[in-house]
Structure formats: structure tokens, C-alpha cells
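**Student:** Output the structure for:
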Amino acid sequence: MLKRLFKRAFIQRLAAWLLARYLWLCYRTTRFDIVGAEHAARLRRSGRPYIVALWHEHLALMGFFWRRPMGGQVEISGRPPLVLVSQHRDGALIGRVLGNLGMGAIAGSSSRGGSAALKAMVEAIERGHCIGITPDGPRGPRRQAEPGVVALAAMAQVPVLAVAVVVRRHKRLRSWDRMRLPLPFTRGAFAAAAPVTVAREADEAARAAALEQIAAAMNAASAAAEAGAGIPPETDADAGAGARPEPAP
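**Tutor:** As a prediction, this is how the structure comes out:
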């Protein structure tokens, strides 16, 4: 019965609104440190769109990246950022939440280089939108980047900025990505690594190397964000745990 109820559009809209309000609460009551702000600032000053890449586990607070000093304005040239989400019901919910946070969504898969979603993202970039993408989504494996992000960067000829956002107090979900659900009234950190570019004419070997570079940048951003938030390095036990307590000061 609960599943049937959740299929109703009104319930989905209400759930998305409530979740967005909760994320706003977490954002407003968290003191964030910013790591690597110079990387995003350089891209922002260019006035051109770019791709934001992050692991799926950091998706909860991604919508606030553009609202921090790291990201600056929510919009580039008056165009709101767009995020690639799955075509599954979960993706639709994420899209509604993003809408409540001032962003948009493109439905599709990052792993299909010739997909309609890839074409839609390239066209969106050409219109001036920044694009957010989780290269290990929508189903994993966790922290294994699929090549769609490289195909997009090569086709659109825009840089890829690897970012991460974590908060010290959180609940670790038992999902495939081990997502951290933020809790309010804590400290956190946004982090970014140096942008990665991909040549349009890059061959298979060069694209594989670029994918490894992007994955390494996302791992580096994740480690920097965890350190900035005061979270000890992750262990397998931590990743599989439920609620994570506040670390000792």
C-alpha cells in the first residue's frame, strides 16, 4: 500500500518538498569549511559552463555547491545548473528535490556514451548550463567511474571539476553508494580538486587516462572534505555502519 501511495504525483511532490526543506535546515545550521575554492573560482571567472563531478554518495548536499563561496552564483549567465539523474522513480524524486533547490535535472545514464541524455547535456552546456554528474551512478559499483563523464567533457569541450561535500554528523545509509544523510547543527566541508580537461580528438587510451584522473580527483576531493569536516579516514566498517557519532574533538 505504501508503494502505491508513493506513486501518486502529489505524494512525490510533498516528499520532495519536505526533503528539500530538511536539506536547507542542514545547510543553514552547518558551519562549512571550503577546500580548493581557487579551482572553482577560476572556472567561475571564465563565465563559461563546466562539469561538476562527484561520487553518488555526496549527492545529498550537491545542490548547495553553487551557493557556497566555492561556487559563487547558482547560475552561469542566467542558466540554472542541471544534474543528470536516473530514469527510475528514485531519479524522479531526486529531480523534484533539485527543483526545490533551484536546479534542474536531465534523465538518463552517464554510462551510455551515445545516449539521448549525453546529447541533451551537450546541448544544455552549449546554452550556458553547468552540468552535475555522478560518474558511479545511478547503480554503482561505488566509486567506480563510468566513461560517460569523459565523453561529455570531450564533446562539449568544457573542464571537469571534481568536488565533494560532507558533514561531520551524519547517518550512513545501507545503500549501494553508502550515502551519508546529513544531520543538522554540525560542521562540514566542501572540497574541489584541480579541473581536468579532455581533448576532443583524444583516443581510447587518452580517454581512459582522463577517466582515471577524474576518479583520482574525486577521491582526493572526498578525502579533503572529510579532513576539513573532522571525519577520520573511512574504513569498511564505517562505510557499512548506520548512524555515525560525532567524533571526539
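
**Student:** got the residue ranges for the strands in this structure?
**Tutor:** Counting by DSSP state E, the chain has strands at residues 30-35, 51-53, 82-85, 104-107, 131-133, 160-167, 170-172, 180-182, 186-192, 243-244.

**Student:** for the longest one, packing partners?
**Tutor:** Read that as strand 160-167. helix 37-46, strand 51-53, strand 180-182, strand 186-192, helix 204-229 (3 or more Cβ pairs under 8 Å, 6 or more residues apart in numbering; DSSP states H and E). All C-beta spots, glycine's among them, are computed from the backbone N, C-alpha and C.

**Student:** how about 7 Å then?
**Tutor:** helix 37-46, strand 51-53, strand 186-192, helix 204-229 (3 or more Cβ pairs under 7 Å, 6 or more residues apart in numbering; DSSP states H and E).

**Student:** Just the mean pLDDT for it, thanks.
**Tutor:** For strand 160-167, the mean per-residue pLDDT is 95.

**Student:** With the shortest one instead?
**Tutor:** Strand 243-244 shows a mean pLDDT of 45 in the predicted model.

**Student:** just stretch 38-50 next, same as before
**Tutor:** Stretch 38-50 comes out at a mean pLDDT of 88.

**Student:** Okay, buried residues for it please.
**Tutor:** 39-40, 43-44, 49-50 (16 or more other Cβ atoms under 10 Å).

**Student:** What of stretch 81-98?
**Tutor:** 81-86, 91-98.

**Student:** JSON lines for these, including distance to Asn219?
**Tutor:** Output for these, formatted as JSON lines (distance: Cβ to Cβ, whole Å):
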{"residue": "Pro81", "distance to Asn219": "23"}
{"residue": "Leu82", "distance to Asn219": "24"}
{"residue": "Val83", "distance to Asn219": "21"}
{"residue": "Leu84", "distance to Asn219": "20"}
{"residue": "Val85", "distance to Asn219": "23"}
{"residue": "Ser86", "distance to Asn219": "23"}
{"residue": "Gly91", "distance to Asn219": "24"}
{"residue": "Ala92", "distance to Asn219": "29"}
{"residue": "Leu93", "distance to Asn219": "27"}
{"residue": "Ile94", "distance to Asn219": "23"}
{"residue": "Gly95", "distance to Asn219": "27"}
{"residue": "Arg96", "distance to Asn219": "30"}
{"residue": "Val97", "distance to Asn219": "26"}
{"residue": "Leu98", "distance to Asn219": "25"}
